[in-house]
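Asks: next comes the sequence, and after it the predicted model I'd like to discuss.
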Amino acid sequence: MSVDFNTVATEFCNFYYQQFDSDRSQLGNLYRDQSMLTFETSQLQGAKDIVEKLVSLPFAKVAHRISTLDGQPASPNGDILVMVTGELLIDDEQNAQRYSQVFHLIPDGNSYYVFNDIFRLNYS
């Protein structure tokens with residue numbers, strides 16, 4: 001039975017952003033030791049370092065609003081590539097910041113983990 005990559009991409013992103021917005025420290029299970037995060041200009045490898053970076057971000061409250069979400073099969077092994085654009089509402093700011101994020105998801109049993117995660121704020 002083939003996997004519906006768009007459904008997986010959507011469900012993953014909904015879960016990821018809900019968890020990020022409520023408690024970033026709980027995102028560690030989505031990464032592995034070989035996972036890599038590029039956050040703006042910082043590159044980190046490994047679940048522990050990635051979660052430490054996400055927890056250290058200088059805001060208490062955040063809300064992601066997804067504008068676009070595209071998923072594609074990324075390999076014959078079932079990998080999925082996900083591209084997200086959206087807006088961030090940080091703390092009590094009224095003006096949202098635009099962002100782009102790419103996830104490379106790898107199958108792991110009945111679920112997926114993040115192999116690559118690239119995040120950028122869009123200033124233009």
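Replies: Yes, it's here. Numbers count the residues shown, from 1 in each chain.
Asks: any low-confidence regions in this structure?
Replies: Where the chain drops to pLDDT under 70, the residues are 1-2, 124.
Asks: and the strands in the protein, which stretches?
Replies: Secondary structure of the chain (DSSP state E): strands at 31-39, 42-45, 62-73, 80-90, 97-108, 111-122.
Asks: may I see the buried residues of the second one?
Replies: So that's strand 42-45. Under the neighbour-count criterion of 16 or more other C-beta atoms under 10 Å, strand 42-45 has Leu44 buried. Where C-beta positions appear, they are placed from N, C-alpha and C, glycine not excepted.
Asks: who touches Gln26 in this structure?
Replies: By C-beta atoms under 8 Å, 6 or more residues apart in numbering, the contact set of Gln26 is Gln19.
Asks: run the last query once more with 10 Å
Replies: Counting by C-beta atoms under 10 Å, 6 or more residues apart in numbering, Gln26 touches 19-20, 51, 55.
Asks: of all these, which comes closest to Ile66?
Replies: Checking the contacts of Gln26 against Ile66 by C-beta to C-beta gives Phe20 as the nearest, at 11.9 Å.
Asks: thinking again about what came up before, can you add distance to Leu69 and neighbour count and give the contacts of Gln26 back as CSV?
Replies: Below are the contacts of Gln26 laid out as CSV (distance: C-beta to C-beta, whole Å; neighbours: other C-beta atoms under 10 Å):
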residue, distance to Leu69, neighbour count
Gln19, 16, 15
Phe20, 15, 17
Val51, 23, 20
Val55, 25, 13
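Asks: which of those residues sits closest to Asp70?
Replies: Nearest to Asp70 among the contacts of Gln26: Phe20, at 19.3 Å, using C-beta to C-beta.
Asks: brilliant, that's me finished.
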